[in-house]
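Trainee: pasting the sequence and the predicted coordinates here, then a few questions.
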There are 2 protein chains.
Amino acid sequence: MKKTVYTKAGQVGLVEVERPHIEAPDDAIIRIVRTCVCGSDLWSYRNPDIEAGHQNSGHEAIGIVEEIGEAITTVKPGDFVIAPFTHGCGECDACRAGYDGTCDRHIGTNWSDGVQAEYMRFEYANWALVKIPGQPSDYTEAMLKSLLTLADVMPTGYHAARVANVQKGDKVVVIGDGAVGQCAVIAAKMRGASQIVLMSRHQDRQQMALESGATAVVAERGEEGIAKVREILGGGADAALECVGTAAAVDQALGVLHNGGRMGFVGVPHYNNRALGSTFAQNISVAGGAASVTTYDKQVLLKAVLDGDINPGRVFTTSYKLEDINQAYKDMDERKSIKSMIVFD
Amino acid sequence: MKKTVYTKAGQVGLVEVERPHIEAPDDAIIRIVRTCVCGSDLWSYRNPDIEAGHQNSGHEAIGIVEEIGEAITTVKPGDFVIAPFTHGCGECDACRAGYDGTCDRHIGTNWSDGVQAEYMRFEYANWALVKIPGQPSDYTEAMLKSLLTLADVMPTGYHAARVANVQKGDKVVVIGDGAVGQCAVIAAKMRGASQIVLMSRHQDRQQMALESGATAVVAERGEEGIAKVREILGGGADAALECVGTAAAVDQALGVLHNGGRMGFVGVPHYNNRALGSTFAQNISVAGGAASVTTYDKQVLLKAVLDGDINPGRVFTTSYKLEDINQAYKDMDERKSIKSMIVFD
């Protein structure tokens, strides 16, 4: 079969290779009906040191199941399927929490297989493959395009909106006007955002986003762009969807948020940040800051204390007069007290 | 009135100062009934360079309203109140999102006032003060202790659980066995966690947490501690509540989570991390990683595409035969195409 390889920096070409075959019981061989090029494929394409013959990094496909391993019960030869760019198992903690993109069991993506080719081997296929009703011939070309986005970019845009917890009425800013950014606009609208601002300098991309539900576009960047967004929204955004992966894009996202806002980032980090790098790899959300004392007290905590439902006061293991304040400090410093209380007459 | 000051490294003492008075219409003067020492006060206490006479950093109090500014409508002299360590306005985007700890308008905390004293001036009091029914004499000493925790440590522990989105059935790990960690255990139980593991090496603190709802304690740290937690939970945790503020504690928290887990961190960052430092100051949540393609496609996206509710396929602005794969890359690289699709016959 024909398969794409990198031939040199800035060039790809086709080679003839053996068709893949079933290697494990949970494998499926898929005849590819549509595949595509991802922005991330361009990293290798542009890499001046790429070795000739290096496998393509294509990882998005829809196709027809050609052959299945003996453990496969969910699809059969002839079925039309979406091949996700990852291989969730559907059973581990991560998959059950809805994070099959970073399944605890099946690390890695389809990249290893290079799906810009006539056929692909899809590993761990039983849970991960998504069946499409009917056959490709039942669909218009426009619909086939949309179905193909379901292998990566549309779920990736949706992921940004989901992890940023975009909800009804939210003011949302999308950083990045590429395919993922465009899909993030669609996702924000699906989840009920009331305002969606796309940061974009390209007229065709601005137009596409406006057709998908963006309510405004901002061409400016940096501080100027942040000011423009805040002017349009009448304040900071509730959620920022970072779909680029650069430090500048992260700064832009953090800059447009009001305090307490949420950043969902799906641009693969191309910046040197140990913390964000490691949380991205594990799909971990990170949040924190000063507590909302007034809100929590009024909403739930004061009542819980007064009703005797909770007893946080037990943290005060020692009490003192104000005159003995130094002892109060000293005992905490020496770990003789968990927390020292000062009592007034 | 008497007020605490730092007298030298490792020592505090009292000085006589003028009683505070109303300076702005939204001020309240509070006679303090109970105050306390915070773990964070020990930073100054231990600071070898502390200047003699430096104001105390106490910021937790309950007391009686003594005097109010003319703009105050919510409390009157004689009322018993909680004085939160922050001053939310109740009206800005951050406060309305339930993040009054980082109010967009009133930056800063009570620290500036040093409430280890007989009286305090509480700024921006109208929304932020929390009224307690009755008078101090209506309550037992144990209840007064619990009410005092509502000025900081209990809401702070609750914040960790809230921003980590702890919910019914979750497996939760608490890092830090001080007052905030103890309160985080209480908060995790309030929100329905099924398992709560406290990492602690001190028997009295372990015991306190077990009485508050912890289901297990782990004394080991580092890799050994992570392994022990995973053994107890039969896998990774859904949420980790970091209540210390050191790099080691953050590493511990990230280490016990399964992929897709959530870290809530309320330990004021005492580590050099630009990204976490800035998000903490703004109370911004940060989440991201590889998308859950299979989950989203099955749950919502495939149906939305097939029903024609969304049209993500418009991102494919160009189509090619596999033979023209190089052109497909080239057009994306030169931004002539948003996303290039490969069509098979």
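Mentor: Yes, it's here. Numbering: from 1, shown residues only, chains lettered A, B, ... in the order given.

Trainee: identify the residue nearest A:Q182 in space, chain neighbours excluded?
Mentor: Of all residues not flanking A:Q182 in the chain, B:V315 sits nearest, at 5.1 Å (C-beta to C-beta, 6 or more residues apart in numbering or on different chains). Every C-beta, even on glycine, is put in place using the N, C-alpha and C of the backbone.

Trainee: please read the previous query as pertaining to A:E23.
Mentor: A:E23 sits nearest to A:R121 (C-beta to C-beta, 6+ apart), 6.9 Å away.

Trainee: bridged to that neighbour, which residues?
Mentor: In this entry, A:R121 is beta-bridged to A:I29, by DSSP bridges.

Trainee: thought it was touching A:A24?
Mentor: No: if you go by C-beta atoms under 8 Å, A:R121 and A:A24 don't touch, sitting 9.1 Å apart.

Trainee: those two: who's more crowded?
Mentor: A:R121 (21 against 12; other C-beta atoms under 10 Å in any protein chain shown).

Trainee: tell me the pLDDT of the more buried one.
Mentor: Listed pLDDT for A:R121 reads 94.

Trainee: give me the distance between it and A:M1.
Mentor: 12 Å (C-beta to C-beta, to the nearest Å).

Trainee: and if you look at A:S194?
Mentor: 49 Å.

Trainee: for A:P48, the count of nearby residues, please.
Mentor: 7.

Trainee: now the strands for the stretch 1-150 of chain A?
Mentor: For the stretch 1-150 of chain A, strands defined by DSSP state E, counting those that start in this stretch occupy the ranges A:2-8, A:11-16, A:28-36, A:54-55, A:61-68, A:80-83, A:119-122, A:130-132.

Trainee: what of the stretch 201-345 of chain A?
Mentor: Using DSSP E, counting those that start in this stretch, strands in the stretch 201-345 of chain A cover A:216-218, A:237-242, A:257-265, A:285-288, A:316-321, A:339-343.

Trainee: quick one: check the fourth one for contact with chain B.
Mentor: Meaning strand A:285-288. Yes: residues of strand A:285-288 contacting chain B under C-beta under 8 Å from any C-beta of the partner chain: A:S285, A:V286, A:A287, A:G288.

Trainee: kindly report the same for the last one.
Mentor: Yes: using C-beta under 8 Å from any C-beta, strand A:339-343 comes into contact with chain B via A:K339, A:S340, A:M341, A:I342, A:V343.

Trainee: for A:T4, what are its contacts?
Mentor: By C-beta atoms under 8 Å, 6 or more residues apart in numbering or on different chains, the contact list for A:T4 reads A:V12, A:G13, A:L14, A:N56, A:G58, A:G114, A:Q116, A:A117, B:L322, B:I325.

Trainee: hang on, the earlier thing: out of the residues of strand A:339-343 next to chain B, who's nearest B:A142?
Mentor: Using C-beta to C-beta, A:M341 comes nearest to B:A142 of the residues of strand A:339-343 next to chain B, at 11.4 Å.

Trainee: test my guess that the closest one contacts B:K145.
Mentor: Yes: if you go by C-beta under 8 Å, A:M341 and B:K145 touch, sitting 6.4 Å apart.

Trainee: so what's in contact with the two at the same time?
Mentor: Shared between the contact lists of A:M341 and B:K145 (criterion: C-beta under 8 Å, 6+ apart) are residues A:F316, B:R34.

Trainee: now A:V185: how far from A:M208?
Mentor: For A:V185 relative to A:M208 (C-beta to C-beta), the value is 9 Å.

Trainee: give me the neighbour count for the closest residue to A:L147 other than its chain neighbours.
Mentor: Nearest residue to A:L147, sequence neighbours excluded (C-beta to C-beta, 6+ apart): A:I62, at 5.4 Å. By other C-beta under 10 Å, 25 other residues sit near A:I62.

Trainee: next one: A:I62 from B:E67, what distance?
Mentor: 72 Å.

Trainee: what's the answer for A:V229, then?
Mentor: 43 Å.

Trainee: these two: which is more packed in?
Mentor: Between A:V229 and B:E67, A:V229 has the larger neighbour count (other C-beta under 10 Å), namely 24 against 17.

Trainee: return the helix or strand in chain A with minimum mean pLDDT.
Mentor: Here the helix or strand of chain A ranked lowest by mean pLDDT, DSSP states H and E is helix A:274-282, holding a mean of 65.

Trainee: ok, now which ones touch the residue lying closest to A:P136 once chain neighbours are set aside?
Mentor: For A:P136, ignoring the flanking residues on the chain, the nearest one in space by C-beta to C-beta, 6+ apart is A:V33 at 5.0 Å. By C-beta under 8 Å, 6+ apart, A:V33 lies in contact with A:A61, A:I62, A:G63, A:I64, A:F80, A:P136, A:L144, B:F344.

Trainee: count residues in the vicinity of the nearest residue to A:M1 once chain neighbours are set aside, would you?
Mentor: Of all residues not flanking A:M1 in the chain, A:E118 sits nearest, at 4.1 Å (C-beta to C-beta, 6+ apart). Counted with other C-beta under 10 Å, residues neighbouring A:E118 total 18.

Trainee: wait, A:E118 touches B:E323, no?
Mentor: No: A:E118 lies out of contact with B:E323 (C-beta under 8 Å); the separation is 11.4 Å.

Trainee: neighbours of the closest residue to A:P25 other than its chain neighbours, just the number please.
Mentor: Excluding its sequence neighbours, the residue lying closest to A:P25 (C-beta to C-beta, 6+ apart) is A:A71, at 3.6 Å. Residue neighbour count, defined by other C-beta under 10 Å, stands at 12 for A:A71.

Trainee: deepest of the strands of the stretch 201-345 of chain A, which one?
Mentor: Highest mean neighbour count of those: strand A:237-242, a mean of 30 (counted as mean count of other C-beta atoms under 10 Å in any protein chain shown).

Trainee: other SSEs contacting that one?
Mentor: helix A:153-163, strand A:171-175, helix A:179-190, helix A:247-256, strand A:257-265 (3 or more C-beta pairs under 8 Å, 6 or more residues apart in numbering or on different chains; DSSP states H and E).

Trainee: as CSV, these with mean pLDDT would be great.
Mentor: Formatted as CSV, the helices and strands packed on strand A:237-242 follow (pLDDT from 0 to 100):
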stretch, mean pLDDT
helix A:153-163, 92
strand A:171-175, 97
helix A:179-190, 94
helix A:247-256, 89
strand A:257-265, 90
